[in-house]
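J.: Sequence plus predicted model, see below.
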Amino acid sequence: MSVSTSVPTELRLTPAAGRIGAIVHDVKLGADLPAETVAALEAALYEHKVLFFRGQEHLDDAEHEAFARLLGQPVFHPTVPSADGRYIFELDATKGVRANNWHTDVTFVPSYPKASILRALELPPAGGSTVWANTAAAYQDLPEPLKVLAESLRAVHTNDYDYAASLALSPELADNAEIAERFRRVFVSTAFKTEHPLVRVHPVTGEKNLLLGSFVLKIVGVSGKDSRALVELYQRYVERLENTVRWDWQVGDVAIWDNRATQHYAVNDYGDEPRLVRRITLDGDLPVGVDGRPSRLLEPADPPRVAGLVPAAELEAEALGAKS
């Protein structure tokens, strides 16, 4: 199914790059946005894949969450616990972890988030930008034989990998085996493996998107060497500069991205300067390939009741019931 890519005239947009990204002007994000504006933002998000907003310093954690609920159901991270019971996932560079790898959020579970909403609280004086890539444009760039092959492939995604190497722990932490192992134990408190189609059909736009990123372990049915070669081949199309947009953050900025149609990369070029951002992700849906086959959980055999496996609204109702 396809949707119109026309954006309602009530939004004033400036393209941020040729193939992905738009800056939204004159919108103050919050729980009180009218339904018409929310619908316009959703339409713009499906067209541009990532939306940028300046001057949103008024948002605190509570208002961030309240706004997120207008776009969908927030979810907790499947393995990293929330510090205060909110849906906020904090990324604090002073604690050593920097996600400078190409990834789509949380693809190691079947129904990974449909969208993410990130706001900047503290930034280095220079550097620390984020790059997003359009995975639908990457698919369209493929020569026809590579499209045919990609549509036949499935890949295993996992959170059980070299956490210190992939998430770029600062040298003093990466060299500390005890600290590096502590990071890994939290992130892999439950080790997931999920099989996804390499080409996902977007449930709203009908676009075909390459579903890859740093959580990919292997291509199903292919030897290790050939699997790595195939992943690198298709990932190169995602990372082509023509398919990307780079955002230089200011404090108070918010970015919203369609997690079903993008990858992103946080650039680690700011030394030991602070960088603090907070993210909320929204409940997703089960991916389906071109052949109609859905994603499936491979491990664990007896999975916990967590986001990406159980609808977030159901989990939230259980939590509220337990508190009453």
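T.: Great, that's in hand.
J.: Lowest mean pLDDT among the helices and strands of this structure, which one is it?
T.: helix 163-166 (a mean of 44; mean pLDDT, DSSP states H and E).
J.: And the most centrally placed residue in the chain, how close does it get to residue 114?
T.: Centroid-nearest residue in the chain: residue 105, 3.1 Å away (criterion: Cα atoms, centre = their mean). Here residue 105 is placed at a distance of 10 Å from residue 114 (Cβ to Cβ, to the nearest Å). Bear in mind the C-beta positions are built from the backbone N, C-alpha and C, glycine included.
J.: Can you pull the residues that touch both of these two?
T.: Shared contacts of residue 105 and residue 114 (Cβ atoms under 8 Å, 6 or more residues apart in numbering): residue 259.
J.: What about the closest residue in space to residue 78 that isn't next to it in sequence, how many residues nearby?
T.: Distance criterion Cβ to Cβ, 6 or more residues apart in numbering; nearest residue to residue 78, sequence neighbours excluded, is residue 306 at 4.3 Å. Residues lying near residue 306 (other Cβ atoms under 10 Å) number 17.
J.: Repeat that for the one 10 residues further on.
T.: Residue 316 is flanked by 16 other residues according to other Cβ under 10 Å.
J.: quick revisit: how close does the residue nearest to residue 78 get to residue 38?
T.: As defined by Cβ to Cβ, residue 306 lies at a distance of 27 Å from residue 38.
J.: for the protein, which helix is longest?
T.: Criterion DSSP state H: the longest helix present in the chain is helix 224-239.
J.: Next, count neighbours for residue 302.
T.: Residues lying near residue 302 (other Cβ under 10 Å) number 5.
J.: quick one: it from residue 195, how far?
T.: Distance from residue 302 to residue 195, by Cβ to Cβ: 18 Å.
J.: low-scoring stretches of the protein, by residue?
T.: Within the chain, the ranges that satisfy pLDDT under 70 run 1-9, 82-83, 85, 96-97, 162-188, 320-324.
J.: As a check, name the ranges of all helices in it.
T.: For the chain, the helices defined by DSSP H occupy 35-48, 61-71, 135-141, 144-152, 163-166, 171-174, 177-187, 224-239, 312-323.
J.: Now do the contacts for residue 202.
T.: 136, 208-209, 260-261.
J.: again, but for residue 282
T.: By Cβ under 8 Å, 6+ apart, the contact set of residue 282 is 68, 71-75, 113-117.
J.: One more pass at 10 Å, please.
T.: Contact analysis of residue 282 by Cβ atoms under 10 Å, 6 or more residues apart in numbering lists 68-69, 71-75, 87, 113-117, 256, 259, 307, 312.
J.: And residue 48, by the same measure?
T.: 5, 7, 13, 15-17, 19-24, 134, 245, 256-258, 261.
J.: Now list the buried members of those.
T.: Neighbour-count burial (16 or more other Cβ atoms under 10 Å) applied to these gives 7, 13, 16-17, 19-22, 24, 134, 245, 256-258, 261.
J.: of those residues, closest to residue 316?
T.: residue 256 (21.0 Å; Cβ to Cβ).
J.: buried stuff in stretch 274-290?
T.: Neighbour counts over stretch 274-290 (16+ other Cβ under 10 Å) mark 275-285, 287-290 as buried.
J.: which residues does residue 277 bridge with?
T.: residue 91, residue 120 (DSSP bridges).
J.: From residue 118, how far off is it?
T.: Applying Cβ to Cβ, the value for residue 277 to residue 118 is 6 Å.
J.: Could you tell me which residues touch both of the two?
T.: With Cβ under 10 Å, 6+ apart, residue 277 and residue 118 have common neighbours 89, 91, 130, 249, 253-255, 266.
J.: And those residues, which is closest to residue 53?
T.: Once Cβ to Cβ is applied, the member of the shared contacts of residue 277 and residue 118 that ends up nearest residue 53 is residue 254, at 4.4 Å.
J.: Residue 64 and residue 280 touch, don't they?
T.: Yes - when contacts are counted by Cβ atoms under 10 Å, residue 64 is listed as touching residue 280 (6.1 Å).
J.: what residues are shared contacts of these two?
T.: Residues touching both residue 64 and residue 280 (Cβ under 10 Å, 6+ apart): 74, 86-88, 117-119.
J.: Now tabulate those in TSV and tack on neighbour count.
T.: Output for the shared contacts of residue 64 and residue 280, formatted as TSV (neighbours: other Cβ atoms under 10 Å):
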residue	neighbour count
74	23
86	16
87	24
88	19
117	25
118	23
119	27
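J.: thinking again about what came up before, now which of the shared contacts of residue 277 and residue 118 would you call buried?
T.: Neighbour-count burial (16+ other Cβ under 10 Å) is assigned, among the shared contacts of residue 277 and residue 118, to 89, 130, 249, 253-255, 266.
J.: If residue 53 is in a bridge, with which residues?
T.: residue 254.
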